[in-house]
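Colleague: sequence and predicted structure, then a few things I'm wondering about:
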Amino acid sequence: MAKKEMKIRAWMDGDRAMVKAIIFHPMETGMRKDKQSGKKIPAHFIKEITCKHGDKTVLTCMWGTAVSKNPFISFRFKGAKSGDKVSINWVDNQGNTETGVANIR
C-alpha cells in the first residue's frame, strides 16, 4: 500500500467551511548535511498549494524552504455547504505533485 501524502478534514462551522490538512513531505532546505556522508541534502520543498471548492480557487499559497517538515494548513471560506468537495493540490521544487479531496461534513 502506498503512503498517504495528505490528510484532509473539512466541515461546516456556521456559514463557513473549515478545512484542516496535513501534508506529508520532507521539506528539505538544501542547507542541511547528511550526518554520515557530510554531503548536503538536496533541496526538496513544496512551492505552491492550491485549494479549490468545486472549480473556484479559495486559497493559493506560495511556499519556500522556511516551512517545516509535514506542514499543517488550516483555513475557512464562505460559499460552501455540507456534502460539497474541497481539493488541495501541491507542487514541489522537484516537479512532484499530489491532490487530495475531502467532502465537507
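Modeller: Okay, I see it. Numbering: from 1, shown residues only.
Colleague: could you list the low-pLDDT ranges of this protein?
Modeller: Residue ranges of the chain with pLDDT under 70: 1-4.
Colleague: the spatially most central residue of it: what's it in contact with?
Modeller: With distances taken as CA atoms, centre = their mean, the residue of the chain nearest its centroid is residue 23 (4.7 Å). Residues in contact with residue 23 (CB atoms under 8 Å, 6 or more residues apart in numbering) are 5-6, 46, 49, 70-73, 88, 90, 98. For the C-beta atoms, the positions are set from N, CA and C on the backbone; glycine is no exception.
Colleague: now distance to residue 61, secondary structure and neighbour count too, for these, in JSON lines please.
Modeller: Below are the contacts of residue 23 laid out as JSON lines (distance: CB to CB, whole Å; DSSP: H, G, I helix; E, B strand; the rest coil; neighbours: other CB atoms under 10 Å):
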{"residue": "5", "distance to residue 61": "16", "secondary structure": "coil", "neighbour count": "15"}
{"residue": "6", "distance to residue 61": "14", "secondary structure": "strand", "neighbour count": "18"}
{"residue": "46", "distance to residue 61": "8", "secondary structure": "strand", "neighbour count": "23"}
{"residue": "49", "distance to residue 61": "4", "secondary structure": "strand", "neighbour count": "19"}
{"residue": "70", "distance to residue 61": "15", "secondary structure": "coil", "neighbour count": "12"}
{"residue": "71", "distance to residue 61": "9", "secondary structure": "coil", "neighbour count": "18"}
{"residue": "72", "distance to residue 61": "12", "secondary structure": "strand", "neighbour count": "11"}
{"residue": "73", "distance to residue 61": "7", "secondary structure": "strand", "neighbour count": "19"}
{"residue": "88", "distance to residue 61": "10", "secondary structure": "strand", "neighbour count": "23"}
{"residue": "90", "distance to residue 61": "9", "secondary structure": "strand", "neighbour count": "24"}
{"residue": "98", "distance to residue 61": "14", "secondary structure": "strand", "neighbour count": "16"}
